[in-house]
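> Predicted structure and sequence below. I'll ask about it afterward.
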Number of protein chains: 4
Amino acid sequence: MEHVRVNFLREEKIDAPVLVEGLPGIGHVGKLVADHLIDELGAEKIAEIYSLHFPPQVIVDEQGITHLVNNEIYRCEKDGKAILFLVGDFQSNSAEGHYILTERYLDIAEDLGVQRIYALGGYGVGHLVESPRVICSVNMEHLRPEVEAAGGSFENAETGGAIVGASGLLLGLGEMRGIEGICLMGETSGYIVDPKSADGLLAVLSRLIGIDVDPTSLQQRAEAMEQIIAKIQETEEARGREELSYIG
Amino acid sequence: MEHVRVNFLREEKIDAPVLVEGLPGIGHVGKLVADHLIDELGAEKIAEIYSLHFPPQVIVDEQGITHLVNNEIYRCEKDGKAILFLVGDFQSNSAEGHYILTERYLDIAEDLGVQRIYALGGYGVGHLVESPRVICSVNMEHLRPEVEAAGGSFENAETGGAIVGASGLLLGLGEMRGIEGICLMGETSGYIVDPKSADGLLAVLSRLIGIDVDPTSLQQRAEAMEQIIAKIQETEEARGREELSYIG
Amino acid sequence: MEHVRVNFLREEKIDAPVLVEGLPGIGHVGKLVADHLIDELGAEKIAEIYSLHFPPQVIVDEQGITHLVNNEIYRCEKDGKAILFLVGDFQSNSAEGHYILTERYLDIAEDLGVQRIYALGGYGVGHLVESPRVICSVNMEHLRPEVEAAGGSFENAETGGAIVGASGLLLGLGEMRGIEGICLMGETSGYIVDPKSADGLLAVLSRLIGIDVDPTSLQQRAEAMEQIIAKIQETEEARGREELSYIG
Amino acid sequence: MEHVRVNFLREEKIDAPVLVEGLPGIGHVGKLVADHLIDELGAEKIAEIYSLHFPPQVIVDEQGITHLVNNEIYRCEKDGKAILFLVGDFQSNSAEGHYILTERYLDIAEDLGVQRIYALGGYGVGHLVESPRVICSVNMEHLRPEVEAAGGSFENAETGGAIVGASGLLLGLGEMRGIEGICLMGETSGYIVDPKSADGLLAVLSRLIGIDVDPTSLQQRAEAMEQIIAKIQETEEARGREELSYIG
């Protein structure tokens, strides 16, 4: 099996200049915003990504049908603007896998003409935040004024820090390919699926992309996501884990 | 060394449309049923599978003869029906290894004309179950009515969940190759080798395959398996582990 | 860097029908016997084995000179019998590495005409043993009578069990190449470098190979080995470990 | 992605007979000395090294600009002597990665004509040291008198011990390529960034290379480094870690 397998569901008219990444992370802020956008904009799934760097398992849906774990690429056109989305429920199992998967994400982005990537995430602060800011990083200096004009904050930059996983590597490895990268992280406690943080993030992102998106269902979507997560945790506790034990 | 090595003991007349997988898992339910079927149906070993993704060790048998750890494929014909079995004492050591091994299992299945896979396992609930159900998942929607008609339950599907390891990947990766996959999991506490759960699982599987198998020795087989497991644990505690230490 | 690198120090007249393996393990019994034999028989080093599956470090000797961690092959001729030794201070870091390294050990063995391998080790019982037996396993059934005649015991075979690491895989993977494999494990507490256990092991091995070796310095050698191990542990505690930390 | 990627910023006149390695380690002693030398000697960055064996992350600088984690090679000429520096904030994530990265460091060194490597580090003793010695190891015996003449100590050699990570492998793998290797380790508690230990190390290294370097800003530099490390730890505690979790 190759390290990463990409199945395109449709081959034509799928290019776009912009890719929005919303893979799982702190407070599920990035995922919440990306899933919301896909729904509100009526984006269409154009590709599925499978990898041996994802957990070795299938997900069982409500009909009892199994689905091999994967990430997905969606695409929409809104106000004449084409946007791609990289979403899903998984990050790599291993450090090396993060590099291998992100290089492949970038191969796809390059093939589809992407010139800018927005990596969405949460910025965990460990306590509830009254007015969550959107903490930003960019992979090229000239991007900063535009991000600030859209309401993004660089106030925390002075403390240094790191961005781990796909979001970080999309900016770092993207820079080497000349792809602009902007990481938007909504401040969040990190303990709950955080619709307030997502709301702020969505506002900054909408301004940057130049589209108009209704945020009203974010609250509801966050509650649904919380329930799914709670259910999964319950199930996992109840069932234990398919132990990889053996007898001699 | 290649990642997986398959030694066929016989090359002709070994194809079959059905493969039953019973590798180790929760409550050893799947393994118990598969081993029972092999014995009752007089199945013959047709292949041995070795891999560097298995633990790096040999098993010592009662004669003091060593056997490199492996999984095995058996085959039988019963009532004009040819059935393959994938059994053994090992799952992969690593997440990547699960993918690599399962792809190879599927290569073998495809080569032998397999059109449907039954993946057997336990469904751990953490407490004793009076009347264990057989919880089911399928990799194609059209399979569900047939499984329900045979007594399989999809009641737990609504809680979502995941199937980890070879059972899950046989369905997930099998679907990509167009091979039907049905996962049958006997409810079990997860603490013992569970003949009651196995009995229910055997009944559903027999109906699905259309064969008749005597379950009376399941109880006895479960007790024997418990003893082997207990002995191994004892030995391991006594001997410690071949520690991979070194001196300078 | 290739996975394993073998540097031969001399290319001619280095074949031999017998290989004795004494890599680190429980109670350092196997290592103690192999090192003793090399010394008593005046064996000569013929090859060094390096691998990225060994720990990433150099050993500093008493002169302050560094030596990249490696295993070694020695050779001697005694009473017209040529014997190879596989010794050193390391086993693989990882499960896969055990398979990769052992396949390479067997490549070397095959190239040098080895027809039989003696894998030496300890059999940890967790308590002091008054009269340590030599517990044996073989990879082909016909070898058992010869081993029993030399004083080896198969009494523990009935309890099953496993042999982990290079010793086990030399027998398991060796069998596939038609190389006879005999594993001799001296009963030992597992807590100390055990000269009494080594003495019994040496006796059985000498009878099997058909050579005569003076065991009198085993006691002394074990004490020296204990001191080296104690010193290393002291040093390690004092120095801490070269932590793989980083700053941002 | 290849395992290691080296981007040269300039291709000509970058060779040098000497390489000084100061990657992170105990007490940051080696890093402190190497960074100090680069600053004092006005060394110029000539190459960046990226690898999937580094952590999968970007570092955010004070302007909010991301930088893919990497190590770097600097070069200076002082008193007619050309010197290369291998510095950065990372060691490999994995044991195998240490071998793979170090082989690549040595490829670069060989290409640039390096004949001798100084590997700098700390020698952790777990308590404060009044007059820290510079503990030394060499990869070829003939180097020892020269190191002793420069004030390096071999007193601890008798206790054996190991040098782990890039420093150790540069000596061990370097020896195989005929490159001289000298490891200089400043005694240090291991608990703080230690300017006193660095001062002693700098003195020995300066004598060995035959250059004159002002040590006065070492104290200040150590304090700045402490602050950066503290800030990062604070940030990490506050933000938590970009958890690689997922939902189903």
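Structure received.

> show me where chain A has strands.
Using DSSP state E, the strands of chain A run over A:4-8, A:18-22, A:44-51, A:57-60, A:66-68, A:71-78, A:81-88, A:116-124, A:134-138, A:162-164, A:180-188.

> between those, which one is nearest to B:Asn71?
Taking Cβ to Cβ, strand A:57-60 is the member of these nearest to B:Asn71, at 19.2 Å. The C-beta positions use only the backbone N, C-alpha and C, and glycine is treated the same way.

> what's the closest of the strands of chain A to chain B?
Across the strands of chain A, chain B has its closest neighbour in strand A:66-68 (3.1 Å, Cβ to the nearest Cβ).

> Pairing partners for A:Ile135 in the sheet, please.
A:Ser153, A:Met185 (DSSP bridges).

> I figured it hits A:Ser153, correct?
Yes: using Cβ atoms under 8 Å, A:Ile135 is in contact with A:Ser153, at 5.7 Å.

> neighbour count winner among those two?
Neighbours were counted for A:Ile135 and for A:Ser153 using other Cβ atoms under 10 Å in any protein chain shown; A:Ile135 has more, 25 against 19.

> quick revisit: include mean pLDDT when you put the strands of chain A into JSON lines, please.
Converted to JSON lines, the strands of chain A look like this (pLDDT from 0 to 100):
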{"stretch": "strand A:4-8", "mean pLDDT": "96"}
{"stretch": "strand A:18-22", "mean pLDDT": "98"}
{"stretch": "strand A:44-51", "mean pLDDT": "97"}
{"stretch": "strand A:57-60", "mean pLDDT": "94"}
{"stretch": "strand A:66-68", "mean pLDDT": "96"}
{"stretch": "strand A:71-78", "mean pLDDT": "96"}
{"stretch": "strand A:81-88", "mean pLDDT": "97"}
{"stretch": "strand A:116-124", "mean pLDDT": "95"}
{"stretch": "strand A:134-138", "mean pLDDT": "96"}
{"stretch": "strand A:162-164", "mean pLDDT": "91"}
{"stretch": "strand A:180-188", "mean pLDDT": "96"}
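
> out of those, which comes closest to C:Ser189?
Among the strands of chain A, strand A:57-60 sits nearest to C:Ser189 (Cβ to Cβ), with 42.4 Å.

> Give me the contacts around that closest one.
Residues from elsewhere that reach strand A:57-60, judged by Cβ atoms under 8 Å, 6 or more residues apart in numbering or on different chains: A:66-69, A:89, B:137, B:139, B:157, B:160-165, B:168-169, B:171-172, D:248.

> how about the strands of chain A in CSV, adding distance to D:Glu11?
As requested, these are arranged in CSV below (distance: least, Cβ to Cβ, whole Å):
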stretch, distance to D:Glu11
strand A:4-8, 33
strand A:18-22, 34
strand A:44-51, 36
strand A:57-60, 48
strand A:66-68, 46
strand A:71-78, 39
strand A:81-88, 36
strand A:116-124, 31
strand A:134-138, 29
strand A:162-164, 31
strand A:180-188, 28
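
> among those, which is nearest B:Val29?
Once the strands of chain A are compared by Cβ to Cβ, strand A:57-60 is nearest, at 17.5 Å.

> so where do the helices sit in chain A?
A:29-40, A:95-111, A:144-149, A:166-176, A:195-209, A:218-239 (DSSP state H).

> Let me have those in CSV, adding mean neighbour count as columns.
Below are those laid out as CSV (neighbours: other Cβ atoms under 10 Å in any protein chain shown):
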stretch, mean neighbour count
helix A:29-40, 25
helix A:95-111, 21
helix A:144-149, 15
helix A:166-176, 26
helix A:195-209, 23
helix A:218-239, 15
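
> so can I have a markdown table of those showing mean pLDDT and distance to B:Val58?
Compiled in a markdown table, those are given as follows (pLDDT from 0 to 100; distance: least, Cβ to Cβ, whole Å):
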| stretch | mean pLDDT | distance to B:Val58 |
| --- | --- | --- |
| helix A:29-40 | 96 | 46 |
| helix A:95-111 | 97 | 30 |
| helix A:144-149 | 98 | 60 |
| helix A:166-176 | 97 | 41 |
| helix A:195-209 | 96 | 54 |
| helix A:218-239 | 73 | 33 |
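
> Those helices: which one's closest to C:Ala222?
helix A:95-111 (41.8 Å).

> near chain D at all, that closest one?
Yes: applying Cβ under 8 Å from any Cβ of the partner chain, one finds helix A:95-111 touching chain D at A:Ala95, A:Glu96, A:His98, A:Tyr99, A:Ile100, A:Thr102, A:Glu103.

> okay, that helix in CSV with CA atoms only?
C-alpha atoms of helix A:95-111 as CSV (Å, rounded to 0.1, in the frame of the first residue of the first chain):
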residue,chain,number,x,y,z
ALA,A,95,5.7,12.5,13.5
GLU,A,96,7.0,11.3,10.1
GLY,A,97,3.5,10.8,8.9
HIS,A,98,2.7,14.5,9.4
TYR,A,99,5.4,15.4,7.0
ILE,A,100,4.4,12.7,4.5
LEU,A,101,0.7,13.6,4.6
THR,A,102,1.3,17.3,4.4
GLU,A,103,3.5,17.0,1.4
ARG,A,104,0.7,15.1,-0.3
TYR,A,105,-1.9,17.7,0.7
LEU,A,106,0.4,20.3,-0.9
ASP,A,107,0.9,18.1,-4.1
ILE,A,108,-2.9,18.2,-4.4
ALA,A,109,-3.1,21.9,-3.7
GLU,A,110,-0.4,22.6,-6.3
ASP,A,111,-2.1,20.4,-8.9
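
> what's in contact with that helix?
A:3-4, A:6, A:19, A:21, A:47, A:49, A:51, A:53, A:73, A:84, A:86, A:91-92, A:117, A:165-166, A:169-170, A:173-174, A:177, A:179, D:1, D:52-53, D:55-56, D:93-94.
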